[in-house]
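Asks: A predicted structure for the sequence below; I have some questions about it.
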Amino acid sequence: MRSGTIKSAALFGVLLGCASSQPHVFGQYNDLAPKVAPTQGERIPQHLTVQLARPANVAVFLVAPGRASRLLFPADSTQNMYVEAGSHLVETSLARAAVTADSSRLIRRPAEPNQGNRQRGGRGTGGVGRDSMPVFGFNQHGYLLIYASQEPLSYAALSSRVAGLSIPIEDSDALNTVTKLIRATTSRNGPWAAYATDFPP
């Protein structure tokens, strides 16, 4: 009788652990209801499905606890952050980085003799190196975090004050830190909401 109770308690604990991987929500979530999902089959998030209940200004980050955060959307300063209500497929900064890296490999030419001094250090300045792509090893994980706001978001502020900063190693602390950093780039007026889901799924 008691062993059955212990087994049931253990099974409940395992199920509870699985349930803890459900999405995290922040802010006035029911108002804007932002969601983000990766594209099936992509090992790095090059395309995302962004969904909103109401039009909003949107930013999406790749949050890997214990590592630097990465701004995925907008992909660059020319991409519009204002997104209409509904579901939209968007291209990320990693898709553009991958294209740039492929292009730089295709057009690579032998160095001219008088340009040898420009190449010291072994790193080229053009293109994006392989090590710039996020890689998740065994048992490593991250999150796709979408932040939606009724007020404008600044690409310059997001890329300089949020992206690239090291974040805490604990999941909840990492997500809270990135969300607070994004909020700090705004005037903090009007409704906002954030949603985070596991990546890889």
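Replies: Structure received. Because the structure is predicted, anything quoted here is derived from the model rather than measured. Numbering: from 1, shown residues only.
Asks: Show me what the one helix or strand residue 143 maps to is packed against.
Replies: Assigned by DSSP states H and E, residue 143 falls within strand 142-149. Secondary-structure packing of strand 142-149 (3 or more C-beta pairs under 8 Å, 6 or more residues apart in numbering; DSSP states H and E): strand 35-38, strand 47-52, strand 56-63, helix 171-184, strand 192-199. All C-beta atoms are positioned from the backbone trio N, CA, C, and that covers glycine.
Asks: Save those as CSV, and put in mean neighbour count, mean pLDDT and distance to residue 150 too.
Replies: Putting the helices and strands packed on strand 142-149 into CSV (neighbours: other C-beta atoms under 10 Å; pLDDT from 0 to 100; distance: least, C-beta to C-beta, whole Å) gives the following:
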stretch, mean neighbour count, mean pLDDT, distance to residue 150
strand 35-38, 21, 98, 17
strand 47-52, 18, 98, 11
strand 56-63, 24, 97, 6
helix 171-184, 18, 97, 13
strand 192-199, 22, 97, 7
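Asks: And those: which comes nearest residue 153?
Replies: strand 56-63 (4.6 Å; C-beta to C-beta).
Asks: ok and the closest one relative to strand 142-149, angle-wise?
Replies: 160 degrees (axes from the mean of the first three to the mean of the last three C-alpha atoms, to 10 degrees).
Asks: Report all helices and strands that strand 56-63 contacts.
Replies: So strand 56-63, by 3+ C-beta pairs under 8 Å, 6+ apart, packs with strand 47-52, strand 70-73, strand 82-83, strand 142-149, helix 171-184.
Asks: Parallel or antiparallel, which strands does it pair with?
Replies: When pairing is defined by DSSP bridges, strand 56-63 lines up against strand 70-73 (antiparallel), strand 82-83 (antiparallel), strand 142-149 (antiparallel).
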